Structure formats: structure tokens, C-alpha cells
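In: Please find the sequence and the predicted model below.
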Amino acid sequence: MTDRNDVIVAADFPTADALDHFLGRLGDQRPYLKVGMELFYGAGPDLVRRLKGEGYSVFLDLKLHDIPNTVGSAMAVLRDLGADMVNLHAAGGSVMMEAAKEGLTRPDGTRPLLIAVTQLTSTSKDMLNQELLIPGEVDEAVAHYAKVTQAAGLDGVVCSARETALVKATCGTGFLTVTPGIRFAEGDVQDQVRVMTPQAAREAGSDFIVVGRPITSARDPRAAYLRCRNEFLGENNA
Ligand code: C5P
């Protein structure tokens, strides 16, 4: 594992008030937070500035996908919010990904991590073949999009923990994998289909896990968060 390993909590709330209520239940813990479309559109960009000011790391999960110039300009705005990680759809192509990377880069040459969605985990083989007109298996498309992402100079991909080994075999172990679909062994899978425990994700080689409802809906979110850290990072916070 690298020093970039962490548990990212999916802050899937509609308002800043709902987020604050949740953060209050975490006590002394300040997790890496994933701000997705719901919270970003509901609370606005100032929330990201505020969270950064309070010392949180933020993954902005906005999955940009547009013409290169538009994505590059939008990324320059996200860079100035102070996000630590942002993402886009690899389907936008390598020129779009390169423009995104350029837009994110600060004058001193540093930038947030930039990762790509290869194929959404909601995409089935039928949908891939018949609607998107991409032949073959979903895995082949994931591996190919990961290669294009790496060639464009990005840092990694969002993928199912079950695809981590394939992505690492295709792109090397240094290429980051950020994996949602995490559940505790005895937990309810809810609408996720292919799930893994934090420990299995760690064994599969995931660099970051994204965990939402197993923490946000837990009776004791702080304990659930610490359990996740314990299982994924091997920390003993008992
Ligand atoms: O609550 P749960 O742990 O299922 O939340 C997972 C989070 O990861 C949600 O924010 C969801 O949108 C996101 N995600 C996912 N599968 C993907 C990409 C993102 O579950 N392929």
C-alpha cells in the first residue's frame, strides 16, 4: 500500500445542513469526503472551500464529460476550490483528458489527483454491445479505457474492486484504483450488485475505497468509519 491509501466517505446528502449533521456524529474524525453531484448541486461550490478550510480532504465526484475546451476551463475552476481529487469520463477521449489535466494544474506545477470513470458499474454487457456499440466484454472495455486514461497522463480510474486486479495488471501497480461498492461482511448490499468488504478490497489492491451507506446510515457512524479504516488500512483504533 502507498501513503495514498485512504477510506473516502461518500457524502451523499442533499444539503450542507444534512452533511453537517452527519459530520457532527463523527466526533473527532475528519474523513476524506466524496462530494458528488447531489451535494455539489445542492450546496454549491462554497461548501468545498469550507470543507477544505476545516481540514477535510475532498474528492469531487462530478464525472465531467464535454468538449476539451469546456472540460479544461471547468477543471480550472474546480482546481481553485482546493479539491484533492476530481474525476471525468474516459469516454470523453484523450484530448479531453489532457485538457482536463492542463486545466487542473496550478502555476507551481502541482495539481489534484485526476482519475477517470472507465465504464459505469451500472453498464451491462448488453448495454455496452447494443446501446454504446462497443463489442466484447465489459472487462475488455474497462481495461482499454484504463490504458487510454494512463496514456493521457491521468493518475488512475474509478472501478469496482473486482476490476482492480485487471486494471493493475494492465496499467501497473502505480496506477490508482478508487473503488466503491464496499460492504461489511454482514451488511445489506442495498442497490449495489457486486460488492467487496474493505479487507477484500485491500487484498485486491485498491488504493482508495469509497464507502457511503455502510457509514452514513450506520447507527454509530464513527464506529463504522473506524471499523472501515481498521479493515482496509489495518489500523487499530479500538
Ligand atoms: O452508499 P454506497 O456505499 O453504495 O455509495 C457508493 C458511492 O460510490 C455513491 O456515491 C455512488 O454514487 C458511488 N459510485 C458507485 N459506483 C460507481 C461509481 C460511483 O457506487 N461505479
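Out: Thanks, I have the structure now.
In: Kindly format the C-alpha coordinates of stretch 4-22 as CSV.
Out: In CSV, the C-alpha atoms belonging to stretch 4-22 read as follows (Å, rounded to 0.1, in the frame of the first residue of the first chain):
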residue,chain,number,x,y,z
ARG,A,4,-2.1,7.5,-0.8
ASN,A,5,-4.4,4.8,0.7
ASP,A,6,-7.5,6.0,2.4
VAL,A,7,-11.1,5.4,3.2
ILE,A,8,-13.2,8.0,1.4
VAL,A,9,-16.7,8.6,2.8
ALA,A,10,-19.4,9.2,0.1
ALA,A,11,-21.2,12.3,1.5
ASP,A,12,-24.4,11.7,-0.4
PHE,A,13,-26.6,14.3,1.2
PRO,A,14,-28.8,16.9,-0.4
THR,A,15,-27.8,19.9,1.7
ALA,A,16,-24.9,21.3,3.7
ASP,A,17,-27.1,21.0,6.8
ALA,A,18,-27.6,17.3,6.3
LEU,A,19,-23.9,16.9,5.8
ASP,A,20,-23.1,18.9,9.0
HIS,A,21,-25.5,16.7,11.0
PHE,A,22,-23.6,13.6,9.8
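In: What mean pLDDT does it get?
Out: The predicted model gives stretch 4-22 an average pLDDT of 96.
In: That one: which residues count as buried?
Out: For stretch 4-22, the buried set under the neighbour-count rule, 16 or more other CB atoms under 10 Å, comprises 6-13, 16, 18-19, 22. C-beta: built from backbone N, CA, C; applies to glycine.
In: So which of those reach the ligand?
Out: The overlap between these and the neighbours of the ligand (CB under 6 Å from any ligand atom) comes to 10, 12.
In: Which members of the buried residues of stretch 4-22 occur in strands, if any?
Out: In strands, judged by DSSP state E, the following of the buried residues of stretch 4-22 are found: 6-10.
In: If you check this protein against the ligand, which residue is the closest one?
Out: Of all residues in the chain, residue 212 sits closest to the ligand, with a separation of 2.5 Å (CB to the nearest ligand atom).
In: Contact residues of this structure facing the ligand?
Out: Counting by CB under 6 Å from any ligand atom, the positions of the chain adjacent to the ligand are 10, 12, 36, 120-121, 158, 180-181, 192, 210-214.
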